[in-house]
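> Have a look at this fold, sequence not included:
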DNA sequence: AGCCAATATGAGTTGCACTCATAATAACTG
DNA sequence: CAGTTATTATGAGTGCAACTCATATTGGCT
């Protein structure tokens, strides 16, 4: 319990955390740059300035290390998404904000999508759900819940289907945009928001109805007025 | 050029093709059962009843063999999709048939999705497009083209965006359905078809319009007719 | 200072993709 | 059919990379 710690990395605790952090940083760099198969534990150790054996004190296997890297990515994404969404805006705008944020993040760090697929593979189970991804997806779910609470969305909205459509579509779109070297395309998000249209509940008083109907009504009113005049004349006879 | 070939596997050509086929079969089995990392070339060779070295006469690397397995899968899927789509049906129905076929196929052989992601990784390029997948996706494109030609779909339809939404959504949906052990869910396809609604061009003569507007119009026409008569009377005066 | 527990190390082990010298087989020729 | 060449098959051998472990080092405590 020595109160003196003039320089950082002094206590054991701090040193361990610094090491853990530098390992994570090194691993993230090498995995994203070289891909899973192109990455060697030796290279990660070298970049983290530790011996190869030490790496295994922090992470049992290469798979585990990859999983930590990927989970860390999604945790950071969750942070960013929380900041990107204005909880007081209309839910449709919140969805737009989330989708836009997600798409730009994927485009900027698309390597992570591939790494995520690799991290999901666990020897036994065919598909392992990463907890940090579940947390990330909860942001979407919460927006929808909020929308239903606020009566901005119908409670009929099929939650998990919309989730799959949104995230599936954005992932594929990000791949396409990268392939075509397009930095961003807002129309992708727009297109997706149409999906929620059937479940929107409109609260704004019907200012403008269908223009055809409007003109029809006007016609009707004109005629009624003329008719009233005629009838008045006629009636006076 | 000996015309006698009483039993199969007689000529060199036939023997090579049989070997190629048994390798592909063995590789597909092992890759899907054990995953890419769980698969050894030795095991594939054993199952194909050949020596390990022989395998390398047919496929340069494990990666290459994986790519062949995956491409073969998508080629078979293309065949199935062509059969599943009735080219004379309305395009919306064709889209439904294709989406349904795709979803069921993915659910039944979801391992192939993972293998496909692995097969796409080429040492240099971050994303390598598998030709057989492009061919498969062309079926979708052709349906849309047909729809535009037949004036059943608007030419405004953003082709690649709809493609990404459809395939991205179906892939994620398949994963979810498998995870929840649901064998199939038609509402997923239904939900997706809504996306095409804005681009549909309706050719059926407007049998029933909005009931309110219909009655309004009828009322209007009656009144106009009566008014014309009245005005005619008036004009005659 | 001196002891103990926690942490670090890198040479060594193991497993697997891939190679290569050699063998077997098929095809062709007279 | 024998002889010769070209094609295809083989499995022991090589190299690389994940992972282990006996030993060394360090930091905390009295």
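Cool, got the structure. The shown structure was predicted, so the numbers you read here are calculated from the model rather than taken from an experiment.

> Run through the residues of chain A sitting next to DNA strand D.
A:1-2, A:10-12, A:15, A:39-42, A:52-53, A:56, A:60-63 (C-beta under 7 Å from any atom of the strand). Every residue, glycine included, has its C-beta placed from N, CA and C.

> any idea how far residue A:81 lies from DNA strand D?
Applying C-beta to the nearest atom of the strand, to the nearest Å, the value for residue A:81 to DNA strand D is 32 Å.

> any weak-confidence spans in chain A?
For chain A, the stretches with pLDDT under 70 are A:1-10, A:123-126, A:203-237.

> re earlier: just the residues of chain A next to DNA strand D that are near DNA strand C?
Okay, of the residues of chain A next to DNA strand D touching DNA strand C (C-beta under 7 Å from any atom of the strand), that's A:12, A:15, A:52, A:53, A:56.

> List the ones among those that fall in helices.
Secondary structure defined by DSSP state H assigns A:12, A:15, A:52, A:53, A:56 of those to helices.

> Out of the residues you listed, which comes closest to residue A:170?
The nearest member of these to residue A:170, counting by C-beta to C-beta, is residue A:56 at 36.6 Å.

> number of nearby residues for the nearest residue to that closest one once chain neighbours are set aside?
Spatial nearest neighbour of residue A:56, excluding adjacent residues (C-beta to C-beta, 6 or more residues apart in numbering or on different chains): residue A:41 at 8.0 Å. Per other C-beta atoms under 10 Å in any protein chain shown, the neighbour tally for residue A:41 reads 17.

> same deal with the one 10 residues further on?
As a burial measure, residue A:51 scores 12 neighbours (other C-beta under 10 Å).

> Could you double-check that it sits in contact with residue A:45?
Yes - between residue A:51 and residue A:45 a contact is recorded at 6.2 Å, counting by C-beta atoms under 8 Å.

> Compare the ones in helices among the ones next to DNA strand C among the residues of chain A next to DNA strand D and tell me which is most surrounded.
residue A:56 (15 neighbours).

> Can you tell me which residues in chain A are near DNA strand C?
So chain A meets DNA strand C at A:12, A:15, A:16, A:19, A:50, A:51, A:52, A:53, A:54, A:56, A:57 (C-beta under 7 Å from any atom of the strand).

> center of chain A, which residue is that?
residue A:102 (3.8 Å; C-alpha atoms, centre = their mean).

> who's in contact with the host helix or strand of that one?
Element membership of residue A:102, judged by DSSP states H and E, is helix A:91-108. By C-beta atoms under 8 Å, 6 or more residues apart in numbering or on different chains, the list of residues contacting helix A:91-108 from outside reads A:77, A:80-81, A:84-87, A:89, A:112-113, A:139-140, A:143-144, A:146-147, A:150, A:152-153, A:166-167, A:170-171, A:173-174, A:177-178, A:183-184, A:186, A:188-189, A:192-193, A:196, A:200.

> Skip ahead from that helix and say which helix or strand is next.
Counting by DSSP H and E, what follows helix A:91-108 is helix A:111-120.

> Now do that next one: which elements does it pack against?
Helix A:111-120 makes packing contacts with helix A:12-38, helix A:62-84, helix A:159-179, helix B:111-120 when contacts are defined by 3 or more C-beta pairs under 8 Å, 6 or more residues apart in numbering or on different chains; DSSP states H and E.

> Would you mind measuring from residue A:178 to DNA strand D?
26 Å.

> and if you look at residue A:156?
Look at residue A:156 and DNA strand D: by C-beta to the nearest atom of the strand, they are 47 Å apart.

> That residue: neighbour count?
8.

> now swap in residue A:67 and tell me
Using other C-beta under 10 Å: residue A:67 sits among 22 other residues.

> for it, what are its contacts?
A:119, A:130 are the contacts of residue A:67 under C-beta under 8 Å, 6+ apart.

> And stretch A:189-202, what's buried?
A:189, A:191, A:192, A:195, A:196, A:199, A:200 (16 or more other C-beta atoms under 10 Å in any protein chain shown).

> The helix or strand the first one falls within vs chain B: in contact?
Just to be clear, that refers to residue A:189. Secondary structure from DSSP H and E places residue A:189 in helix A:186-193. Yes - Helix A:186-193 lies within reach of chain B by C-beta under 8 Å from any C-beta of the partner chain, at A:187, A:188, A:191, A:192.

> got it, and stretch A:160-175?
Yes - Stretch A:160-175 reaches chain B (C-beta under 8 Å from any C-beta) through A:160-165, A:167-173, A:175.

> top of those by neighbour count?
residue A:169 (30 neighbours).

> May I ask you to confirm that that residue is in contact with residue B:164?
Yes - Residue A:169 is within contact range of residue B:164, at 5.7 Å (criterion: C-beta under 8 Å).

> And the residue of chain A closest to DNA strand C?
Residue nearest to DNA strand C within chain A (C-beta to the nearest atom of the strand): residue A:53, separated by 1.8 Å.

> how does chain A divide into domains?
A:13-59, A:62-199 (automatic domain parsing).

> how far out from the middle of the chain is the longest one?
To tie it back to what came earlier, the one meant is domain A:62-199. When C-alpha coordinates are averaged (C-alpha atoms, centre = their mean, to the nearest Å), domain A:62-199 and its chain have centres 3 Å apart.

> give me the element residue A:45 is part of.
Going by DSSP H and E, residue A:45 is in helix A:41-47.

> Just list what the helix holding residue A:189 packs against, helices and strands only.
helix A:91-108, helix A:159-179, helix B:159-179.

> okay, the angle between the last one and helix B:91-108?
Relative orientation of helix B:159-179 with respect to helix B:91-108: 40 degrees, computed using axes from the mean of the first three to the mean of the last three C-alpha atoms, to 10 degrees.

> is any part of helix B:159-179 close to chain A?
Yes - Helix B:159-179 comes into contact with chain A (C-beta under 8 Å from any C-beta), by way of B:160-165, B:167-173, B:175-176, B:178-179.

> for that helix, packing partners?
helix A:159-179, helix A:186-193, helix B:91-108, helix B:111-120, helix B:131-149, helix B:186-193.

> Just say which of the ones you listed is most tucked in.
helix A:159-179 (a mean of 21; mean count of other C-beta atoms under 10 Å in any protein chain shown).

> ok, residues contacting that one?
By C-beta under 8 Å, 6+ apart, the list of residues contacting helix A:159-179 reads A:99, A:102-103, A:106-107, A:110, A:113, A:137, A:140-141, A:144, A:183-185, A:188, A:192, A:195-196, B:127, B:129, B:160-161, B:163-165, B:167-173, B:175-176, B:187-188, B:191-192.

> out of the buried residues of stretch A:189-202, who's nearest chain B?
residue A:191 (5.2 Å; C-beta to the nearest C-beta).

> gap between residue A:114 and residue B:97?
32 Å (C-beta to C-beta, to the nearest Å).

> tell me, how many neighbours does residue A:24 end up with?
Neighbour tally, residue A:24, other C-beta under 10 Å: 18.

> Name the residues of stretch A:35-49 that are buried.
A:35, A:36, A:39, A:41, A:43, A:44, A:45, A:48.

> Between those, which sits nearest chain B?
For those, the nearest to chain B is residue A:35 (6.3 Å; C-beta to the nearest C-beta).

> what's the neighbour count on the spatially closest residue to that closest one that is not a sequence neighbour?
Of all residues not flanking residue A:35 in the chain, residue B:121 sits nearest, at 6.3 Å (C-beta to C-beta, 6+ apart). For residue B:121, the count of nearby residues is 20 (other C-beta under 10 Å).

> No further questions, thank you.
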